[in-house]
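Participant: Here's my sequence, what's the structure:
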Amino acid sequence: MTQPLKPADMQSLLTHDQRYHRALAVLKGQWLPIIAEEDRPFRQQIAVADLQFAKALLASGSAKSTFDFTSYAGVQQLRQHFGNQLNAAAQQWLIKPYL
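Facilitator: Sure thing, here's the model as predicted:
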């Protein structure tokens, strides 16, 4: 069963803003293009907000991914794939349901 997106999430989906591109990069497992596109002096890491929006996109059926946010094995696969590209808070958010 799909879950509807929140209004802010729907707006990002419809406008394909930077927030949407970041979440989609997580779902596709392709974070390096996001780093290359941003003009900040430090490397961008995946934040909790990116993961939450990615999870909402999956739950709404708006996007697909090989990563599974609903199982411990899926979360571990995601953590192994991205490694240090996930910031500390994102790492904690992913494993919190299993502690």
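Participant: How much space separates the nearest residue to E38 once chain neighbours are set aside from W31?
Facilitator: Nearest residue to E38, sequence neighbours excluded (CB to CB, 6 or more residues apart in numbering): Q44, at 5.3 Å. C-beta: built from backbone N, CA, C; applies to glycine. Noted for Q44: a distance of 8 Å to W31, by CB to CB, to the nearest Å.
Participant: sorry, back to before: the residue nearest to E38 reaches I34, doesn't it?
Facilitator: Yes: contact status for Q44 versus I34: in contact at 6.3 Å, counting by CB atoms under 8 Å.
Participant: what residues are shared contacts of these two?
Facilitator: With contacts defined as CB atoms under 8 Å, 6 or more residues apart in numbering, no residue is adjacent to both Q44 and I34.
Participant: how about the strands of this structure, start to end?
Facilitator: Using DSSP state E, the chain contains no strands.
Participant: Show me which of Q44 and W31 is the more surrounded one.
Facilitator: W31 (19 against 16; other CB atoms under 10 Å).
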